[in-house]
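Colleague: Predicted structure and sequence below. I'll ask about it afterward.
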Amino acid sequence: MGSEFVQLSLTPLLIGIFASVACALPGNFLILRRQALIGDAISHVVLPGIVVAFLVTGVVAAIPMLIGAAGAAVVAVILIEAIKRLGRIEPGAAMGVTFTTLFAAGVLLLEQSDTSTVHLDVEHALMGNLESLIWFKAQGWHSLLDPVALAALPHELGRIAVVCAAMIVLTVIFWRWLKISTFDEGFAEALGLPTSAIGLGLVIAAAVAAVAAFDAVGSIIVIAMFICPPAAARLMTNQLKAQVLWSVVFAVLSAVLGYVFAGYGPLWFGGENAVSAAGMIAAVSGLILALACLFAPHRTRIGVAKEEATA
Amino acid sequence: MTSFVDALLLNAGYNAALVGIGAALLGFAAGASGTFLFLRKRALVSDAIAHATLPGVGLAFIVMVMLGGDGRNLLGLLAGSAITAWIGLLIVEWMARRTRLSEDAAIGAVLSVFFGAGIVLLTVIQTMSAGRQAGLESFLLGSTAGMLFQDAVIIAIGGTLAVLATWALRRPMTLVAFDPEYAAASGYDVRLIDLAMMGLVMAVTVIGLKVVGLILIVAMLIIPPVTARFWTERSNNLIWYAGILGAVSGYIGAAISAAAPAVPTGPIIVLVAAALFLFALLFAPARGVAAAVIRHRRFQKRVHRRQGLLALARSEPILDDLTLKVLRAEGLIRPDGVATDAGRAAAAKIARDEHRWDTAREMHQDAGLTGRYDGLTPIEQVFTPDEIAEFDRRIGGPKPVEGPG
C-alpha cells in the first residue's frame, strides 16, 4: 500500500466515492418522490448534450460539455412535460419516448461526426474509464503535500469533488424545504414554499451530479448510485436524516468495495486482468440493496402483515 | 440514396431483404405488445428487462466457449439473455410487491445493477479470449451489418411467433390493462396474465437485441403505442396502429441502415419511430398540437362573436380588433363598424337568449339545467321549445336593435 497505491488507485477511488455520494444525495429525494427513473432518463440524455457541445466547440473540454449536458437535461425535462400535457400521456411513457429518442440522436451524431481523433465514444460514455484516471506524478503519500505533483492530478477529481461538496451544501441548506415538499406538497404550498421550483431544482441538481459523474465514471454508475444506495437506506430506517446518512455510507461502501473487487478480485480467482470498475461498483451497490431487501429492519410496506410480507 | 431505395424495395440482396422483413416483423410485435404495457402504465418495466439481458449474453458466451463451441452462436446468446431478463423481471416484481420500494425504484435498481454486472462480464470476456473479438458490443446498439443468414432467419421467425402470441393473448391482456379488478372477478389470473405480458415483452426484447440493441429496444416498445394513441381512442385499433407504426419504423430503419452499414441500426430505427411520433404529436386529429390550436382559435372566435353581438345589442362601441375582424368576416358589421341588418338580427337573438337564460334561472331551481349556462351553449340545446315559449311569454315581445339611424 505504498507509492503504487497512491499513483494508480487513490484518484480513481476518490473519484468513485465522490461520484457515488454526489449522485446518492439527490437520489434520496428522487426515490421518496417516486421520480427514481428521472436519474435514468438524465443519464441517457447527457450523451447528446455532450456530443453537441463537442460538435460546436470542436474540443473535448469540461466546461462546454457540462453546459451541453445540463442543457440537454433541461430540454429533456421540458419535452417530457410537453408530451405529458399535450398528448395526455402517462409520465413513464413520456419519459421513455424522450430519453430513448435523445439517446438515439446522440449516438447517431457521435457516429456521424469525426470523433476518431478524440476520446469520445458510446462505450466510454456508458462504462467510463475510472481505471485510467491515474496520478502519474505521484511517488507516494508525501506527494499529497507536493504542489507540483498535486497540479498533475486528473482534472476529473477536482471537478467531481467540487460537485460532491456542492451537493452536500445544497442538501444541508435546503434540508427543511426538501423535507416538507417531499413528504407533504400541499402543506409546503400552504406554507408558501415554491414547491415546483424545488422540484425543478432537485432535477437540475441531479442533472449536474449526473453530468459531473458521467464525465469521470460513465453513465452506468450514475444510474446505480441514484437509486441503489438511497433505496437500500430507505429500507433501513424511517428517519429521513438517518436515511440520507445510510445512503452516503452505502454509496461509499459500494465505491470502495466495487473498486477493490474490480482491481483485485480477478487476481484472487487466478485471473490476470482487472474487470470494469464502473460495472463492479454498480454490481456491489445492487448486492447491498439485495441484502437490504432481505434483512433490513424496515423492508416491508406499512400495512402488510409480517408473515404475508416474508412469505 | 439508390442503395436506400434498393433496400426499401428488397433489391439489396437476400440478407438485407430478410433483415428488413425481420425488422418489420419485430417492429410489429414490439409495437403491439408494447401497447399493453403502455395501457397498463408500466412502460418502463421494459427498460429493466432490456438492460437485464446483458449479463445473460455475457454468461452465455462464456459458457459456450467453455464448452468448446463458438461463443457467437446467436441462438445460444439469445437464450442466455432471456434467462437473465426473466430473472431481472421477477426481481422487479418481487421488490415492488414485497418491499416498500416503489416499482420505479425497483426498475432503476435492476436495470443499473444487471447492466453493471453485464459490463463486468464483457470486460472478463475481452481478457478471456485474448485477441479474438467477441463482438458482443453490437448487442448494445444493434447492428445488422454483416449479419449471418441464419441470424436473420432467427429474427424473422421470432418476430412472427411474437406477433402470433400477441394476437392470441390480446383479449385477456386488454382486459387486465383496463380493469384488473374486473378481470380478477371474471376468473382471470391477473398475475399470470401480467407475467405473460411481460414474457411477451421479454421475447420481443431478446429477438430485438441483434437489430435494435438492448439500450434502445425499449423505444420500440414505447414509442409506437404512444404514437398510435394520438390517432385512435379505441384499444382494438390501438394495437394494430402501434404494430403498423412499429413495422414501418423497423422496415425503413433497416433499409437506411443497409445503405449506411457503418451506423448502428438501433438509433436509426428509433429515430424513424420518433419522427412518426413527432408527426402525430403535431398533426394528429383531436389530440395533436395543430388540432388543439385550431380548437382554441374556434373557441376564441365564438367568444369574440358573442361579446361583439352583445355590445351591438347594447349599442356599445366595439374596440377589440379581433372582435371587429370576426364580426366583419361574417358580414355582421360594415367595414366602418356599423351593424348590418344580419348583425342586428343576430345581436337581437343573442340579447334575447341572454334574457331567456335570466328568466330560466328565476323559474328553474334545477342547477343541472341552468348551470349549463356558459355564454356559448345555445339555449335551444338545453330547454325544449315549450319551455322557451314560456320564457318568451314572461319576457314579452322581441325588441329590435337600434339601427344606424
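Modeller: Right, received. Where do you want to start? Numbering: from 1, shown residues only, chains lettered A, B, ... in the order given.
Colleague: could you give the mean pLDDT of stretch A:237-257?
Modeller: Across stretch A:237-257, the average pLDDT comes to 94.
Colleague: What backbone torsions are found at the residue lying closest to B:F36 once chain neighbours are set aside?
Modeller: Of all residues not flanking B:F36 in the chain, B:M173 sits nearest, at 4.5 Å (CB to CB, 6 or more residues apart in numbering or on different chains). (Glycine included, C-beta is placed from N, CA and C.) For B:M173, the backbone dihedrals (degrees, to the nearest 10) come out as phi -70, psi -40.
Colleague: now A:T100, nearest residue through space, not along the chain?
Modeller: Leaving out its chain neighbours, the residue that sits closest to A:T100 by CB to CB, 6+ apart is B:A219, at 3.4 Å.
Colleague: Go ahead and confirm the one you found touches A:A105.
Modeller: No. Contact criterion CB atoms under 8 Å: B:A219 and A:A105 do not qualify, at 11.3 Å.
Colleague: what's the overlap in contacts for the two?
Modeller: B:A274 (CB atoms under 8 Å, 6 or more residues apart in numbering or on different chains).
Colleague: Neighbour count for the two, which is higher?
Modeller: Between B:A219 and A:A105, counted using other CB atoms under 10 Å in any protein chain shown, the more crowded position is B:A219 (31 against 20).
Colleague: For chain B, give me the ranges with low pLDDT.
Modeller: Applying pLDDT under 70 to chain B flags residues B:1-3, B:7-12, B:129-134, B:145-146, B:367, B:397-405.
Colleague: Tally up the residues packed near the residue nearest to B:F36, please.
Modeller: B:M173 has 27 neighbours, counted by other CB under 10 Å.
Colleague: And for B:A342?
Modeller: B:A342, neighbours per other CB under 10 Å, totals 12.
Colleague: thinking it is in contact with B:R334, fair?
Modeller: No. Assessed by CB under 8 Å, B:A342 is found out of contact with B:R334, at 10.8 Å.
Colleague: Assess the claim that A:Q243 and A:A233 are in contact.
Modeller: Yes. Counting by CB under 8 Å, A:Q243 touches A:A233, with 4.6 Å between them.
Colleague: Mutual contacts of the two, please.
Modeller: Taking CB under 8 Å, 6+ apart as the criterion, A:Q243 and A:A233 both touch A:N28.
Colleague: who has more neighbours, those two?
Modeller: Using other CB under 10 Å as the criterion, A:Q243 and A:A233 rank with A:A233 on top: 28 against 22.
Colleague: distance of the more buried one from A:S254?
Modeller: Distance, A:A233 to A:S254, by CB to CB, to the nearest Å: 12 Å.
Colleague: Restrict the helix or strand hosting A:F99 to CA atoms and write it as PDB.
Modeller: According to DSSP states H and E, A:F99 maps onto helix A:91-112. Only the C-alpha atoms of helix A:91-112 are listed here, as PDB (Å, rounded to 0.1, in the frame of the first residue of the first chain):
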ATOM      1  CA  PRO A  91     -45.300  10.200 -17.300                       C
ATOM      2  CA  GLY A  92     -43.400   6.900 -17.600                       C
ATOM      3  CA  ALA A  93     -44.200   6.600 -21.300                       C
ATOM      4  CA  ALA A  94     -43.500  10.200 -21.900                       C
ATOM      5  CA  MET A  95     -40.100   9.700 -20.300                       C
ATOM      6  CA  GLY A  96     -39.400   6.600 -22.300                       C
ATOM      7  CA  VAL A  97     -40.200   8.400 -25.600                       C
ATOM      8  CA  THR A  98     -38.000  11.300 -24.700                       C
ATOM      9  CA  PHE A  99     -34.800   9.700 -23.400                       C
ATOM     10  CA  THR A 100     -34.600   7.000 -26.000                       C
ATOM     11  CA  THR A 101     -35.100   9.400 -28.800                       C
ATOM     12  CA  LEU A 102     -32.500  11.800 -27.500                       C
ATOM     13  CA  PHE A 103     -30.100   9.000 -26.800                       C
ATOM     14  CA  ALA A 104     -30.600   7.600 -30.300                       C
ATOM     15  CA  ALA A 105     -29.900  11.100 -31.700                       C
ATOM     16  CA  GLY A 106     -26.800  11.400 -29.600                       C
ATOM     17  CA  VAL A 107     -25.400   8.000 -30.800                       C
ATOM     18  CA  LEU A 108     -26.100   8.900 -34.400                       C
ATOM     19  CA  LEU A 109     -24.500  12.300 -34.100                       C
ATOM     20  CA  LEU A 110     -21.500  10.700 -32.500                       C
ATOM     21  CA  GLU A 111     -21.100   8.000 -35.200                       C
ATOM     22  CA  GLN A 112     -21.600  10.600 -38.000                       C
END
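Colleague: and it, what other elements does it pack with?
Modeller: With contacts taken as 3 or more CB pairs under 8 Å, 6 or more residues apart in numbering or on different chains; DSSP states H and E, helix A:91-112 sits against helix A:36-57, helix A:62-87, helix B:217-231, helix B:265-283.
Colleague: Next, the angle from the longest one to helix A:36-57.
Modeller: An angle of 130 degrees separates the directions of helix A:62-87 and helix A:36-57 when computed by axes from the mean of the first three to the mean of the last three CA atoms, to 10 degrees.
Colleague: quick one: buried residues of helix A:62-87?
Modeller: By neighbour count on 16 or more other CB atoms under 10 Å in any protein chain shown, the buried set for helix A:62-87 is A:64-74, A:76-77, A:79-80, A:83-84, A:86-87.
Colleague: what's the angle from that helix to helix B:265-283?
Modeller: Helix A:62-87 runs at 50 degrees relative to helix B:265-283, counting by the same axes, to 10 degrees.
Colleague: returning to what we had before: can you redo the helices and strands packed on helix A:91-112 as CSV, where the extra columns are distance to A:F5?
Modeller: Below are those laid out as CSV (distance: least, CB to CB, whole Å):
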stretch, distance to A:F5
helix A:36-57, 30
helix A:62-87, 27
helix B:217-231, 41
helix B:265-283, 41
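Colleague: between the ones you listed, which gets nearest to B:G135?
Modeller: With CB to CB as the measure, helix B:265-283 is the member of the helices and strands packed on helix A:91-112 nearest B:G135 (14.2 Å).
Colleague: does the helix or strand just after that closest one come close to chain A?
Modeller: Using DSSP H and E, the helix or strand that follows helix B:265-283 in sequence is helix B:289-313. Yes. Applying CB under 8 Å from any CB of the partner chain, one finds helix B:289-313 touching chain A at B:289, B:292.
Colleague: now for helix B:289-313, which elements pack on it?
Modeller: helix B:265-283, helix B:321-329, helix B:341-363.
Colleague: how about the strands in chain B?
Modeller: Taking DSSP state E to define them, one finds no strands in chain B.
Colleague: Can you give me the domain boundaries for it?
Modeller: According to automatic domain parsing, chain B comprises the domains B:2-280, B:290-395.
Colleague: any chance of those domains in TSV, plus distance to A:V169?
Modeller: Output for the domains of chain B, formatted as TSV (distance: least, CB to CB, whole Å):
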stretch	distance to A:V169
domain B:2-280	26
domain B:290-395	43
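Colleague: picking that back up, quick one: average pLDDT of the helix holding A:F99?
Modeller: Helix A:91-112 shows a mean pLDDT of 88.
Colleague: re earlier: can you tell me which of the domains of chain B is most buried?
Modeller: Most buried of the domains of chain B, by mean neighbour count (mean count of other CB atoms under 10 Å in any protein chain shown): domain B:2-280, with a mean of 22.
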